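# here's a sequence, model it:
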Amino acid sequence: MTIEPGDRVAIEYVGRFEDGTVFGTSMYAVAAETGLAAAEDRTPDDYGPRTFTVGESEVIEGLDDAVRGMTVGEEATVTVPPAAAYGEVRDDRLREYDREPFEAMVDADAEAGLHVHAQNGLHGDVVAVREESVEVDFNHELAGKTLVFDIEVVTHRSGGASESE
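Numbers count the residues shown, from 1 in each chain. So this is what the prediction gives:
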């Protein structure tokens, strides 16, 4: 039975940039091999298949579209352009703040790379620190990037049916 919108699926995946660099995976062995597990301070228990309902915007559009028509055990390599992933880099998500009030608000010294959480729910990274100001980029870290995923469908449950393997 092929996957359709509304079905619940689980996939194993390795996400890479076009140059081959791995940025994410569901598999601990790959994360350990590429240094992701150590960099993110994660253990084997933090990994496993990514489960989602097709057509419910639970994963990026490019992955959601890719699994449609696939079956359990099927593998594919999918190239996802920014428009079907995390969007293009948007200039309106680069914000500049006065340095003193910014540092008081985040209770930290401003430095490039500092990750901040805004009250509106956005997450951003300090990208520039000047004498009087701080620039924060609220674009998703994968915005503007073409992503390549190796995926394998490991389970599939269609509307109310039990999972198949």
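# alpha carbons only for contacts and neighbour counts from here, please
Fine.
# hey, where'd the strands end up in this protein?
Per DSSP state E, the chain carries strands over the ranges 8-17, 22-25, 50-53, 75-80, 94-98, 115-117, 123-129, 133-137, 147-157.
# pick out the shakiest of those, pLDDT-wise.
Of all the strands of the chain, the minimum mean pLDDT falls on strand 115-117 (a mean of 89).
# ok so, going back, dump the strands of the chain to a markdown table, plus distance to Thr34 and mean neighbour count.
A markdown table is the format used below for the strands of the chain (distance: least, Cα to Cα, whole Å; neighbours: other Cα atoms under 10 Å):
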| stretch | distance to Thr34 | mean neighbour count |
| --- | --- | --- |
| strand 8-17 | 11 | 21 |
| strand 22-25 | 7 | 18 |
| strand 50-53 | 19 | 17 |
| strand 75-80 | 19 | 17 |
| strand 94-98 | 31 | 14 |
| strand 115-117 | 23 | 15 |
| strand 123-129 | 24 | 18 |
| strand 133-137 | 26 | 21 |
| strand 147-157 | 15 | 22 |
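# dump these to CSV, plus distance to Gly69.
Shown next, in CSV, are these (distance: least, Cα to Cα, whole Å):
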stretch, distance to Gly69
strand 8-17, 12
strand 22-25, 22
strand 50-53, 14
strand 75-80, 12
strand 94-98, 39
strand 115-117, 38
strand 123-129, 35
strand 133-137, 37
strand 147-157, 11
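# nearest to Glu40, out of the ones you listed?
strand 22-25 (10.5 Å; Cα to Cα).
# please save the CA atoms from that closest one in PDB.
Output of strand 22-25 as PDB, limited to C-alpha atoms (Å, rounded to 0.1, in the frame of the first residue of the first chain):
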ATOM      1  CA  VAL A  22      25.600  16.000   7.300                       C
ATOM      2  CA  PHE A  23      23.500  18.500   9.300                       C
ATOM      3  CA  GLY A  24      21.000  16.100  10.800                       C
ATOM      4  CA  THR A  25      20.000  12.400  11.100                       C
END
